[in-house]
Structure formats: structure tokens, C-alpha cells
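Novice: using only what follows, build the 3D model:
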Amino acid sequence: MLIGNFMEKVAKTTGLNATQSKAAINAVFDALKEDLNAGNNTQLAGFGSFNSVVRAARKGRNPSTGEVIDIPSMQTVKFKPSTQLKIKLEES
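Specialist: Model (predicted):
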């Protein structure tokens, strides 16, 4: 789903206009990004949890040349869906 479609659904559900729903969506995403950037984990009840993790540095291989390369460590995000979300998806 594109952000525009998401924005329309939020606007219809909440009764907000397009500008207000876009601002609300951006506020949620900004708060999530800020929390994860600080290294915190964020749990959204009934939806799931976003965890900030650091991947260790490792060796990789360039598929076209076969050359061994160093892949640096990096911070990334993992998502774990809640039980309620899993059940809802199984019902669909």
C-alpha cells in the first residue's frame, strides 16, 4: 500500500481531512524512527514490536566476481507481529 492510499484510509476511518491524516501518520512514523534511532524497542499493542538491533560485521562475497568483501556492522530494525495480528492474518 502506498502512503497516499494509507492516508486516505486513515482519513475515512477517523473523519480527519487529508492534511490532518498525513500529519498524524507522519507524527507516528517520526516517533517510531526517533525511538528506534535511540536504540529503544517499540511495542504497539495488538500490532507488534519493532526492535532496534545491530548486525555484526561479517565477510560476504561479491556474486559477480566471487571476491570476498567486508560488510561493516550496521543498525537495523526487526519487526515481530503480535499474536492478535497473526490470528487476524490467518482469518483472511
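Novice: name the SS class of the residue with the largest distance to the centre of the chain, please.
Specialist: For the chain, the C-alpha farthest from the mean C-alpha position belongs to Thr65; by Cα atoms, centre = their mean, that distance is 33.0 Å. Following DSSP: H, G, I helix; E, B strand; the rest coil, we place Thr65 in the coil state.
Novice: residue contacts, it?
Specialist: Not one residue lies near Thr65 by Cβ atoms under 8 Å, 6 or more residues apart in numbering. Placement of C-beta: from N, CA and C, glycine included.
Novice: if I look at it, what pLDDT would I see?
Specialist: Thr65 carries a pLDDT value of 94.
Novice: domain parsing for the chain?
Specialist: 1-38, 41-92 (automatic domain parsing).
Novice: return the most buried member of those domains.
Specialist: domain 1-38 (a mean of 13; mean count of other Cβ atoms under 10 Å).
Novice: returning to that earlier point: and the residue farthest from the centre of the chain, backbone torsions?
Specialist: phi -110, psi -20 (degrees, to the nearest 10).
Novice: how near is it to Val53?
Specialist: Thr65 sits 30 Å away from Val53, going by Cβ to Cβ, to the nearest Å.
Novice: and what of Ala31?
Specialist: According to Cβ to Cβ, Ala31 stands 19 Å off from Val53.
Novice: no further questions, thank you.
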